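**Q** Provide a 3D model corresponding to the input given below.
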Amino acid sequence: MSEWKFDVDEVGDDADEPDRDDAPEMEPGSPSLENAAFVLLGALSMLFVLVRLVTLV
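**A** As a prediction, this is how the structure comes out:
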């Protein structure tokens, strides 16, 4: 077994099509409070920027 993670035929333009059965399943989870707070902070910041731009005109 080689020390490389990928073989030559697995990368680049000549790569084989990946098997979709090998892909891990993504399962929904509940968002953490920290992630939700950052999303809310980003949305409020963008609204503030847009309001400031509109009121400058």
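**Q** for residue 5, helix, strand, or coil?
**A** coil (DSSP: H, G, I helix; E, B strand; the rest coil).
**Q** same check, this time on residue 24
**A** coil.
**Q** just residue 54 next, same as before
**A** Classified using three-state DSSP, residue 54 is helix.
**Q** Pass me the low-pLDDT residue ranges in this structure, would you?
**A** Residues of the chain meeting the criterion pLDDT under 70: 1-2, 8-11, 13-23.
**Q** Quick one: end-to-end distance for stretch 25-32.
**A** Terminal residues of stretch 25-32 are spaced 20 Å apart (C-alpha to C-alpha, to the nearest Å).
**Q** And for residue 47, the neighbour number?
**A** Around residue 47 sit 10 other residues, with neighbours defined as other C-beta atoms under 10 Å. Where you see a C-beta, it was placed from the backbone N, CA and C, and this is true even at glycine.
**Q** Make 47 the first number, not 1, from now on.
**A** Shifting the count to begin at 47 puts that one at residue 93.
**Q** Which element, helix or strand, includes it?
**A** helix 79-102 (DSSP states H and E).
**Q** Kindly export that helix (C-alpha atoms) in PDB.
**A** What follows is helix 79-102, C-alpha atoms only, in PDB (Å, rounded to 0.1, in the frame of the first residue of the first chain):
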ATOM      1  CA  LEU A  79     -27.000  28.800  20.100                       C
ATOM      2  CA  GLU A  80     -23.600  30.200  19.200                       C
ATOM      3  CA  ASN A  81     -24.100  29.500  15.500                       C
ATOM      4  CA  ALA A  82     -27.700  30.900  15.500                       C
ATOM      5  CA  ALA A  83     -26.400  34.100  17.300                       C
ATOM      6  CA  PHE A  84     -23.700  34.700  14.600                       C
ATOM      7  CA  VAL A  85     -26.200  34.200  11.800                       C
ATOM      8  CA  LEU A  86     -28.600  36.700  13.500                       C
ATOM      9  CA  LEU A  87     -25.800  39.100  14.100                       C
ATOM     10  CA  GLY A  88     -24.700  38.900  10.400                       C
ATOM     11  CA  ALA A  89     -28.300  39.500   9.200                       C
ATOM     12  CA  LEU A  90     -28.800  42.500  11.500                       C
ATOM     13  CA  SER A  91     -25.400  43.900  10.400                       C
ATOM     14  CA  MET A  92     -26.300  43.700   6.700                       C
ATOM     15  CA  LEU A  93     -29.700  45.300   7.400                       C
ATOM     16  CA  PHE A  94     -28.000  48.100   9.200                       C
ATOM     17  CA  VAL A  95     -25.500  48.600   6.300                       C
ATOM     18  CA  LEU A  96     -28.400  48.600   3.700                       C
ATOM     19  CA  VAL A  97     -30.400  51.100   5.700                       C
ATOM     20  CA  ARG A  98     -27.400  53.400   6.000                       C
ATOM     21  CA  LEU A  99     -26.800  53.200   2.300                       C
ATOM     22  CA  VAL A 100     -30.400  54.000   1.400                       C
ATOM     23  CA  THR A 101     -30.600  56.900   3.800                       C
ATOM     24  CA  LEU A 102     -27.400  58.500   2.400                       C
END
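**Q** Many thanks, I have nothing further to ask.
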